Each structure stands twice: as C-alpha cells, then as structure tokens.
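Engineer: A predicted structure for the sequence below; I have some questions about it.
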Amino acid sequence: MPELPEVETVRRGLKPVLERARLAHVLARRPDLRFPLPDDFKGRLEGARVDALERRAKYLLARLDTGETLVMHLGMTGRFDIEAGGALARPGVFAHPVAEGAKHAHVVFDTDAGHRITYCDPRRFGFMGLVPTAHLADHPWFRGMGPEPLGPDFDAAYLAGALKGRSQAIKTLLLDQRIVAGLGNIYVCEALHRAHVSPLKAGGKIARPRLAALVETIRLVLEEAIEAGGSTLRDFAATDGALGYFQHRFRAYGREDEPCLTPGCRGVVRRLVQGGRSTFYCPVCQK
C-alpha cells in the first residue's frame with residue numbers, strides 16, 4: 001500500500017490540474033470501489049470548484065466550494081491518469097505489471113480547463129467519499145488520528161507524552177495512527193535504523209533526547225522520500241510519470257542478511273515479524 005510520501009507525490013502531481021479547477025463533468029463507471037460511492041456522487045461534484053487539494057495521513061482531500069470535501073484513498077493499486085490536449089501523463093514503469101484497460105478506469109473528472117483526470121484501480125481497494133468539510137475531523141476515517149509527522153504538533157514533547165508508560169515495541173507504536181498519522185512500515189523501519197533505535201525497545205523506555213533525535217530522523221526520511229518521489233514499491237509510481245528512487249537509498253528495509261550501512265558497524269540486517277509486518281533492523285547498532 002502506498003505510504004505517506006507516495007500519497008504526497010500523487011497530491012503534488014494532481015495539484016496543478018485539479019486545485020482551483022471546476023469539475024465540469026464527472027463520470028462514475030461503476031457504483032462502488034472498495035465501498036459504495038456516495039449517493040448522488042455525480043450531482044454533488046459537477047459544478048463544484050476544488051478550492052484546495054490537501055493530504056491527511058494517506059488520504060487525499062479535495063476541499064470543494066460546496067462545503068464538502070472529496071476524500072480519496074488509493075488502496076493498493078489506485079492511481080490517476082491526467083489527459084490534456086491529447087497528451088497523457090501517467091505512472092511510468094510499475095515494479096509489477098498492472099492491468100490496463102477501460103474496465104479499470106472507474107471514475108473520470110473533467111475540469112473546466114480541459115483536463116481529464118481518471119482514477120484507475122485494478123483491485124478496487126481504494127475508495128472515495130464526500131464529507132462535510134466542517135465535520136471532517138469528526139468523521140470515523142479521521143477521528144482520533146494523531147498529528148502529521150511533518151507537522152508542527154509532532155515533536156519530542158508530544159511523542160514523549162504519547163509513549164509514556166507504554167510497554168509496546170516502538171515500531172508497533174509508531175505504526176499506530178492514533179499516535180502519529182500516516183507513518184507506514186517502510187519508513188518506520190528506515191527511521192529507526194537511522195536513529196539507531198531498536199524496533200523492539202519499549203516505547204515508554206526511550207529517553208527524551210533519543211525521542212528528539214527520532215522525531216527529526218522521521219522528518220528527514222519522509223522529506224527525502226517525497227523529494228525522490230516515494231518508494232514506488234509494487235504497483236505504485238508517481239502520478240506525474242516520474243518514478244521515485246528512494247528505494248535505492250534504503251538502509252534497512254528489504255536488506256535482510258546484507259551488511260549494515262551504518263559507518264563503522266559490522267552488523268548484518270535482520271528481519272523479524274511484528275504485528276504481521278516485516279521489520280528490518282541491525283541488532284548491532286540499533287539498541
């Protein structure tokens with residue numbers, strides 16, 4: 001599933017053609033994706049202007065001038081194609097083949113500026129919803145969600161308070177969306193490795209200075225991945241057609257039995273399973 005940097009890459013790819021545009025025509029080729037589309041989906045969107053295109057965790061948020069927000073989640077294989085003047089901007093080369101064809105193009109947005117934005121999703125694990133903007137934070141998808149890891153509210157003081165007394169492993173806690181929104185398995189592995197924190201260490205046992213360093217490392221890893229266009233694992237590639245190459249910079253994720261890349265460390269990257277997800281770490285330099 002695309003993680004925060006991948007979703008942010010999609011947002012940046014869509015922003016020039018969708019933000020401030022008016023949706024002149026909307027076509028839903030089926031009544032559902034992962035969940036049923038909202039009632040009167042077409043009628044509620046046609047004529048609406050997208051005032052802002054934002055991201056919350058792994059959700060795309062198109063705030064409309066109608067007082068509603070179009071919420072979009074990519075699932076595992078969701079992507080957007082952009083057509084204008086006969087030219088097509090689409091993801092470049094997928095790491096694994098993705099089925100093509102009109103039967104996978106489920107929702108089409110035509111803007112007043114002449115752009116056609118098509119949501120394609122072979123597996124249909126993505127979904128869309130329309131939520132009153134004023135009540136967005138109270139919606140079940142967002143209620144109780146923690147701060148954004150790149151936002152000002154995510155700092156050492158906040159993290160120390162959120163982890164106080166917690167005996168669960170720090171890796172598991174960082175994946176809890178109630179603690180911090182949008183962090184996924186890949187980038188948590190990378191951040192813990194760079195910060196030299198064991199994924200097995202109890203969150204409540206980590207000293208404040210190490211939490212401060214971990215917060216900054218999380219920010220750095222995410223910012224580097226966004227700059228690179230995400231990891232492009234499995235079916236994901238950037239919306240504007242530019243592949244992301246952050247996967248070539250992984251220092252831990254996917255490097256089982258390979259030498260640790262921390263300068264001076266002679267350890268070997270190991271893999272274990274936490275909460276049903278693979279964790280990659282160096283048992284020598286991550287304590």
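Structural biologist: That came through fine. On a predicted model such as this, the values are computed, not experimentally measured, just so you know.
Engineer: all helices in the protein, in order from the N-terminus.
Structural biologist: According to DSSP state H, the chain carries its helices in the segments 4-18, 41-45, 156-163, 170-174, 185-194, 208-228.
Engineer: which strands and helices sit next to the fifth one?
Structural biologist: With contacts defined as 3 or more C-beta pairs under 8 Å, 6 or more residues apart in numbering; DSSP states H and E, helix 185-194 has these neighbours: helix 170-174, helix 208-228, strand 277-281. For every residue, glycine as well, the C-beta is placed using N, CA and C.
Engineer: Tell me which of the helices of the chain sits most buried.
Structural biologist: With neighbours taken as mean count of other C-beta atoms under 10 Å, the helices of the chain reach their highest mean count in helix 185-194, at a mean of 25.
Engineer: List of residues touching it?
Structural biologist: Applying C-beta atoms under 8 Å, 6 or more residues apart in numbering, the external contacts of helix 185-194 come out as 3-5, 170-171, 174-175, 198-199, 214, 217-218, 220-222, 225, 231, 233, 250-253, 262, 277-282, 286.
Engineer: Verify the stated contact: L70 with L61.
Structural biologist: Yes - L70 is in contact with L61 according to C-beta atoms under 8 Å; the separation is 7.5 Å.
Engineer: Quick check: mean pLDDT of stretch 268-275?
Structural biologist: Along stretch 268-275, the predicted confidence averages to a pLDDT of 96.
Engineer: With stretch 174-183 instead?
Structural biologist: In this model, stretch 174-183 carries a mean pLDDT of 97.
Engineer: quick one: terminal-to-terminal distance for it?
Structural biologist: From the first residue to the last, stretch 174-183 extends over 7 Å; the measure is C-alpha to C-alpha, to the nearest Å.
Engineer: Run the chain-centre distance for that stretch.
Structural biologist: Stretch 174-183 has its C-alpha centroid displaced from the chain centroid by 12 Å (C-alpha atoms, centre = their mean, to the nearest Å).
Engineer: All set now, cheers.
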